[in-house]
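>>> Quick one: sequence and predicted model below, then my questions.
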Amino acid sequence: MRLTARRLRVAACGLAAAAALAACSMSSPEGASAPSEDAPSVSPKSSESAPDEPAPDEPTLWGPTEAEIAEAHELVADWSPEQLAGQVIVGRYFSTDPQEAASLVSDLHLAGMCVTSANVTDEAQVLETTQAISDAVAADGREFPAVVGVDEEGGSVAHLRGIATTFPAFQVAGAAVERDRADGGRAGRKAVLGAARASGLELRQLGFTWVFAPVADVTIGEADPTIGTRSAGIDPRTAATATAAAVRGYDDAGIVSTAKHFPGHGSATADSHLVMPRLTKSLDELRAHDLLPFKTAIRAGAPSIMLSHLDVEALAPGVPASMAPEMYDFLRDDMGFDGVAITDSMGMGAVATRELPGVTALRAGADLLLMPSDTAGTHATVTKAIIEGTISRERIEDAAATVVAVQLWQERKAAEEPVPDDATSQAEEASAALSDVAY
């Protein structure tokens, strides 16, 4: 097993905070000294050597500097089990009352909330909601931003429809990239990056710090009942290029993006909202098809990757990817990802009825649980697991610190890139430009 920077960093932080400042940063994936927009072949690293020690202010590939990572570990080191349990949960709520969301965050020390279409009425109410969530985290003594997230992919998945600009489905981004290939230019990639950047700035204007996009899945077409036009297309290289461009755009906008749904929901022929789909592909087939966009997303600087609830027979048969240690080890050790590993919604049919799904996912390697079906109940079971040692203190501190570190990065990036007064106009123009380049 390759010693990733994250594993080395956890060991170092366990010795002393000072050692964390010198912890090793994530090395670039094999064959890439810098992020590339082209889609390289996917192959695991075989080197067992540790990367060189960077300066504390040198950023990692996934965003935070080593100093920010060390600061995050120091911040969570003396937290109670209740605080640690909260910091690894992004909650859900079932009303349009901003104070209900804020109370859950405050009472349970949640990292934040996911805002859905069922939680919003108009722009003023959205602004009140996102501010209430942020204020609740600040009032809890946490001097870093809340996770204020939304599923705003464009196309059919747009929870702020009528409030924020609705961008085309990601399939259009794929068409723009294909146009590049035909013309020998880069206009398509630039349009995808520009669309993600403009969308990210508009979301920040509304108070969001996370966006659960882009979709890195490669669809198989009509047999795919879940992803479809949410994917950039059926060609892995097209999807990989579009995904990398979107990640860079969101990064430029100072919002945390989430490449999803690892290792690739586009090949599934069932819907994980209802059941656990099974992927029967070999590992070589996954590398050649489904994993390529995730590889380029990591190289492009993805701060977060969402794990699906798929049964991946080649790596963890019979277990949802979001709950399988083998999947997190593969993401870290073979794919080279050190950022936030977030689960898909824990309220989905594929996992909701399993025993202690949140505890299982965290023990397996998840850093953040997204939208449990019972937020308070999940917080209680995770807290109990920490107290009883079912989840080790080292594991939960590492998860919480990783989330805090990416939020410190988001705060810094947002300060470097203020939201322009005409963010909405820019978003509308970028949306139209993407469609124009594609077609």
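On my side now, so go ahead. Residues are numbered from 1 along each chain as shown.

>>> in which helix or strand would I find Ile220?
Under the assignment given by DSSP states H and E, Ile220 is not contained in any helix or strand.

>>> residues contacting it?
Ile234, Gly266, Ser267, Thr269 (C-beta atoms under 8 Å, 6 or more residues apart in numbering). Any C-beta I mention is one placed from the backbone N, CA and C, and that applies to glycine too.

>>> How about Glu152?
Neighbouring residues of Glu152 by C-beta under 8 Å, 6+ apart: Ala158, His159, Leu160, Ala164, Ser199, Leu203, Val211, Phe212, Ala213.

>>> 6 Å instead, please
Ala158, Leu160, Val211 (C-beta atoms under 6 Å, 6 or more residues apart in numbering).

>>> Strands - which of these land there?
Those of those mapping onto strands are Ala158, Val211, per DSSP state E.

>>> By neighbours, which of the contacts of Glu152 wins?
The residue in those with the most neighbours, by other C-beta atoms under 10 Å, is Val211 (24 neighbours).

>>> Show me what that one is bridged to.
Taking DSSP bridges as the rule, Val211 bridges to Val150.

>>> Now do the contacts for it.
Applying C-beta under 6 Å, 6+ apart to Val211 gives the contacts Glu152, Leu203, Ile255, Ser257.

>>> Identify those among the residues you listed that sit within helices.
Those of those mapping onto helices are Leu203, per DSSP state H.

>>> Thr424 falls within a helix, correct?
Yes. Applying DSSP: H, G, I helix; E, B strand; the rest coil, one finds Thr424 inside a helix.

>>> what about the nearest residue to it once chain neighbours are set aside, neighbour count?
Ranked by C-beta to C-beta, 6 or more residues apart in numbering and with sequence neighbours excluded, the top spatial neighbour of Thr424 is Glu202, at 5.9 Å. Neighbours of Glu202 under the rule other C-beta under 10 Å: 28.

>>> give the contact list for Glu202.
Ala164, Thr165, Ala423, Thr424, Ala427.

>>> Mark which of the contacts of Ile220 are buried, thanks.
Among those, those that count as buried by neighbour count (16 or more other C-beta atoms under 10 Å) are Ile234, Gly266, Ser267.

>>> Dump those residues into a markdown table; add pLDDT and distance to Leu369 as well.
Shown next, in a markdown table, are the buried ones among the contacts of Ile220 (pLDDT from 0 to 100; distance: C-beta to C-beta, whole Å):
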| residue | pLDDT | distance to Leu369 |
| --- | --- | --- |
| Ile234 | 97 | 32 |
| Gly266 | 90 | 24 |
| Ser267 | 89 | 25 |
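
>>> Which ones among these map onto helices?
In helices, judged by DSSP H, none of the buried ones among the contacts of Ile220 are found.

>>> Out of those residues, which comes closest to Gln125?
Gly266 (34.3 Å; C-beta to C-beta).

>>> Which residue is the nearest non-sequential neighbour of that closest one?
Spatial nearest neighbour of Gly266, chain neighbours left out: Asp217 (3.5 Å); criterion: C-beta to C-beta, 6+ apart.

>>> quick revisit: export the contacts of Val211 to TSV and append columns for pLDDT and distance to Leu362.
As requested, these are exported to TSV (pLDDT from 0 to 100; distance: C-beta to C-beta, whole Å):
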residue	pLDDT	distance to Leu362
Glu152	97	26
Leu203	98	27
Ile255	98	25
Ser257	98	22
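
>>> Nearest to Gly141 among the contacts of Val211?
Distance to Gly141, by C-beta to C-beta, is smallest for Ile255 among the contacts of Val211, at 24.2 Å.

>>> and the gap between the closest one and Val105?
Distance, Ile255 to Val105, by C-beta to C-beta, to the nearest Å: 19 Å.

>>> just Gln171 next, same as before
The gap separating Gln171 from Val105 is 35 Å, by C-beta to C-beta.

>>> what about these two, which has more around it?
A direct count of neighbours by other C-beta under 10 Å for Gln171 and Val105 places Val105 higher, at 31 against 23.

>>> so who does the residue lying closest to the more buried one once chain neighbours are set aside touch?
Nearest residue to Val105, sequence neighbours excluded (C-beta to C-beta, 6+ apart): Ala136, at 3.9 Å. Contacts for Ala136 (C-beta under 6 Å, 6+ apart) come out as Ala102, Val105, Ser106.
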